[in-house]
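Enquirer: Sequence and computational prediction follow.
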There are 2 protein chains.
Amino acid sequence: MFREKIKVFDCTIRDGGLINNHDFDDRFVREVYKALSLAGVDYMEMGYKNSKKLFSPKEFGKWKFCDDEAISSIIDGNKSKTKISVMVDVDRVDIEDVKPKKASPVDMIRVATYVKDIDKAIYLVNNFAEKGYETTVNIMAISRALDNELTEALCQLEEECKANTIYIVDSFGALYQETTEFLIKKFKSILKTKEIGIHAHNNQQLAFANTIEAIIHDANFVDGTVYGLGRAAGNCPLELLIGFLKNPKFDIRPILDLISNEFIPLREKMEWGYIIPYAITGILDEHPKAAMALRNSDKKENYREFYESLVGDDLD
Amino acid sequence: MFREKIKVFDCTIRDGGLINNHDFDDRFVREVYKALSLAGVDYMEMGYKNSKKLFSPKEFGKWKFCDDEAISSIIDGNKSKTKISVMVDVDRVDIEDVKPKKASPVDMIRVATYVKDIDKAIYLVNNFAEKGYETTVNIMAISRALDNELTEALCQLEEECKANTIYIVDSFGALYQETTEFLIKKFKSILKTKEIGIHAHNNQQLAFANTIEAIIHDANFVDGTVYGLGRAAGNCPLELLIGFLKNPKFDIRPILDLISNEFIPLREKMEWGYIIPYAITGILDEHPKAAMALRNSDKKENYREFYESLVGDDLD
């Protein structure tokens, strides 16, 4: 029997945009939106809402800024039940760029933060919530969070923050089922009035498994991306998530078509997925940036040297 | 802290052989054997011991027959602590082909069976055990086993069978963590004197996760293959398993070298891994053979039609 509260959240364009400087063309984004709508996916995240004072629109695609007009031009004429989300990074948004919900096609704003920046995240989220948006706080690099600092951050979120949902973000793809269970139970024990979400990375082929684990322990917001598209090893494949969930509102077939028609050709041009250097950073609980640099070098298949470079750092 | 009883079992050449008619050349098999030895892997399975009356050596490579001489020519000069295994299918072996252990380089014989053939499997295993081999029974297609028939088979195995270890084999890649937990607990509750093993397929990117789940619930024999090589979606990647286990006897580096030097080039010639038609048969708990046929056709990326062909069968 299915759990109606579970919401499926697609971040294909947002997390995939980390590979191509957020430069997907409108036709592609519209195909994704249409397929997600037909499949019954609850949310679609378009990209980041970054300040144009910090990043130049000449250097990045439009989904790094997510102007309301850009989003409207995707959904106009195809409006569906799928809600629209954008992500905001602490310290990278102009708060005045975010208009009141009534004047925007956006339904949800998610604020990505590290534990140390939780005060800034709460400030942003409360502003967006007052403007009428659904909101979440997404705690990144959770596998590196110190337990006492995480406890304090969660207590603050429960007491001070208007976000509906707090996310565990396994940025490094380092979680196993036992760690996921531990974290979800910890979040649930403190965040009595919030929903819990999970955003998993697939470095160790555990993104789907950790998402299932989170569902078992009562997380209700689950992120996926079509064919696992996303930075480095990518994310939980949306098609597997839909195959797993029993809610009859979901239909896997539009996603299968989308993969056949758009993602198989895309994979020839963009690299993501299970690739050994990303597995290594996941195993070692490291940011994938060193592995991404390796994949852009002429030593891209030199795994042992890469492994030894990571474990050989001098520590004091 | 690590659990010393956990044995890592590599079946790269055996399960990979299902893709290429068991026709790996000696150089390649020797490289795998050497790397597994250096990595501290406990067992290496070379292939099947099939009757030459049933299959012609002209049509298949030598690892479909696993003559003792063929195995000796791989390990001679490189003898290590890694034990050698061969697999036997019910109804496909000439029992007299199996010499006493003392006269053979093989350490273990694993008998693969469906629940319905459990009597035949017990007969074979007991013969091999009396000849001095370590033995296992590997129950295939476990996701389709009827619970009462499985119970009866397990009771028989506990009472009548000399195998040290009984394996759960997720042939269709259809298990989730909850099913894996259920099955391991069921096996443990009946098989009081046996170890439990798991052999997982990766159709839904859950082979590693289900192997971890089995370990959590006390399975001590865990199968993997280098870079996940294996029929259709392949198996639990050995490199992830070694990354996960904390036993200091394991060293991931020889496996990383092996993947760089041998498996990246091999993947250009042989297809395995996360491919949507295999995900579909996993989700639907079906044998991958229809998906394998699709991948050899000119409709290999036509996922929706394939999905509908499987869910559209008339049933009565």
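Expert: Arrived safely.
Enquirer: Reduced to three states, what does A:Ala112 come out as?
Expert: Here A:Ala112 is recorded as strand under DSSP: H, G, I helix; E, B strand; the rest coil.
Enquirer: quick one: it from chain B, how far?
Expert: For A:Ala112, the distance to chain B (Cβ to the nearest Cβ, to the nearest Å) stands at 25 Å. For every residue, glycine as well, the C-beta is placed using N, CA and C.
Enquirer: Just grab the bridge partners of that residue for me.
Expert: With DSSP bridges as the criterion, A:Ala112 is bridged to A:Asp89, A:Asn138.
Enquirer: Number of residues surrounding it?
Expert: 21 (other Cβ atoms under 10 Å in any protein chain shown).
Enquirer: Next up, the contacts around it.
Expert: Shown in contact with A:Ala112 (Cβ atoms under 8 Å, 6 or more residues apart in numbering or on different chains): A:Met87, A:Val88, A:Asp89, A:Val90, A:Asn138, A:Met140, A:Val169.
Enquirer: And for A:Cys11?
Expert: A:Glu45, A:Ser85, A:Met87, A:His199, A:Asp223, A:Gly224, A:Thr225, A:Gly230, A:Asn235.
Enquirer: what do you get for A:Leu157?
Expert: By Cβ under 8 Å, 6+ apart, A:Leu157 lies in contact with A:Ile118, A:Ile122, A:Val137, A:Ala163, A:Ile166, A:Leu191, A:Lys194.
Enquirer: Can you tell me which residues in the stretch 51-200 of chain A are near chain B?
Expert: For the stretch 51-200 of chain A, the residues found near chain B under the criterion Cβ under 8 Å from any Cβ of the partner chain are A:Tyr176, A:Gln177, A:Glu178.
Enquirer: Buried among those residues? Need that as a selection in PyMOL.
Expert: Selecting the buried subset of those in PyMOL, with 16 or more other Cβ atoms under 10 Å in any protein chain shown as the burial test, is done by:
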select buried, chain A and resi 176+177
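Enquirer: Between the residues of the stretch 51-200 of chain A next to chain B, which sits nearest B:Glu308?
Expert: Ranked by distance to B:Glu308 (Cβ to Cβ), those are led by A:Gln177 at 33.4 Å.
Enquirer: Tell me the pLDDT of that closest one.
Expert: Note on A:Gln177: pLDDT of 98.
Enquirer: so what pLDDT did the closest residue to it other than its chain neighbours get?
Expert: Leaving out its chain neighbours, the residue that sits closest to A:Gln177 by Cβ to Cβ, 6 or more residues apart in numbering or on different chains is A:Glu213, at 4.6 Å. pLDDT recorded at A:Glu213 is 98.
Enquirer: Would you mind giving the secondary structure of whatever residue of the stretch 101-250 of chain A ends up closest to chain B?
Expert: Closest residue of the stretch 101-250 of chain A to chain B, Cβ to the nearest Cβ: A:Ala209 (3.1 Å). Here A:Ala209 is recorded as helix under three-state DSSP.
Enquirer: Now for the nearest residue to it once chain neighbours are set aside, how many residues are close by?
Expert: Nearest residue to A:Ala209 in three dimensions, chain neighbours excluded: B:Ala209, at 3.1 Å (Cβ to Cβ, 6+ apart). Residues lying near B:Ala209 (other Cβ under 10 Å) number 29.
Enquirer: what mean pLDDT does stretch A:143-150 have?
Expert: What stretch A:143-150 shows for mean pLDDT is 97.
Enquirer: Same question for it: list its buried residues.
Expert: Going by neighbour count (16+ other Cβ under 10 Å), the buried part of stretch A:143-150 is A:Ser143, A:Ala145, A:Leu150.
Enquirer: Now the terminal residues of it, how far apart.
Expert: The first residue of stretch A:143-150 is 11 Å away from its last residue (Cα to Cα, to the nearest Å).
Enquirer: can you check stretch A:265-281 too?
Expert: The straight-line separation of the ends of stretch A:265-281 (Cα to Cα) is 27 Å.
Enquirer: sec struct for A:Phe9, please.
Expert: Three-state assignment for A:Phe9 (three-state DSSP): strand.
Enquirer: and the nearest residue to it once chain neighbours are set aside, what are its bridge partners?
Expert: Leaving aside its sequence neighbours, A:Phe9 sits nearest to A:Tyr43 (Cβ to Cβ, 6+ apart; 4.3 Å). Legend: beta-bridge partners of A:Tyr43 under DSSP bridges are A:Phe9, A:Lys83.
Enquirer: So A:Ile168 belongs to a helix, correct?
Expert: No. Using three-state DSSP, the assignment for A:Ile168 is strand, not a helix.
Enquirer: How about stretch A:124-142, which residues are buried there?
Expert: Buried-residue list, stretch A:124-142, by 16+ other Cβ under 10 Å: A:124-129, A:131, A:133-142.
Enquirer: roughly how far is it from the heart of the chain?
Expert: Chain-centre distance of stretch A:124-142: 14 Å, with Cα atoms, centre = their mean, to the nearest Å.
Enquirer: and it, C-alpha only, in CSV?
Expert: The C-alpha trace of stretch A:124-142 is given here as CSV (Å, rounded to 0.1, in the frame of the first residue of the first chain):
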residue,chain,number,x,y,z
LEU,A,124,16.4,33.5,3.9
VAL,A,125,13.7,30.8,4.3
ASN,A,126,11.6,33.0,6.6
ASN,A,127,11.7,35.8,4.1
PHE,A,128,10.6,33.5,1.3
ALA,A,129,7.9,31.9,3.4
GLU,A,130,6.5,35.3,4.3
LYS,A,131,6.3,36.1,0.6
GLY,A,132,4.1,33.0,0.2
TYR,A,133,6.4,30.3,-1.0
GLU,A,134,6.6,26.7,0.2
THR,A,135,10.2,26.4,1.5
THR,A,136,12.8,23.8,2.5
VAL,A,137,16.2,23.9,4.1
ASN,A,138,18.7,21.5,2.4
ILE,A,139,21.6,20.6,4.7
MET,A,140,24.5,19.8,2.4
ALA,A,141,27.6,17.6,3.1
ILE,A,142,25.7,15.9,5.9
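Enquirer: orientation of the strand or helix carrying A:Thr179 relative to helix B:177-190 in degrees?
Expert: Per DSSP states H and E, A:Thr179 falls inside helix A:177-190. On the basis of axes from the mean of the first three to the mean of the last three Cα atoms, to 10 degrees, helix A:177-190 is oriented at 110 degrees to helix B:177-190.
Enquirer: ok, back up a step: just the ones of the buried residues of stretch A:124-142 in strands?
Expert: If you go by DSSP state E, the buried residues of stretch A:124-142 have A:Glu134, A:Thr135, A:Thr136, A:Val137, A:Asn138, A:Ile139 in strands.
Enquirer: For the first one, which residues are in contact?
Expert: Which is A:Glu134. Shown in contact with A:Glu134 (Cβ under 8 Å, 6+ apart): A:Lys83, A:Asp107, A:Met108, A:Ile109, A:Asn164.
Enquirer: Just the strands from chain A, written as ranges.
Expert: With strands called from DSSP E, chain A shows them at A:7-10, A:43-48, A:83-89, A:108-113, A:134-139, A:165-170, A:195-200, A:221-224.
Enquirer: Show me which residues of the stretch 201-316 of chain A sit near chain B.
Expert: Contact residues (Cβ under 8 Å from any Cβ) of the stretch 201-316 of chain A with chain B: A:202, A:204-210, A:212-213, A:216, A:227-228, A:237, A:239-240, A:243-244, A:252-253, A:256-257, A:259-260, A:264, A:273-274, A:276, A:279-280, A:283, A:301-304, A:307-308.
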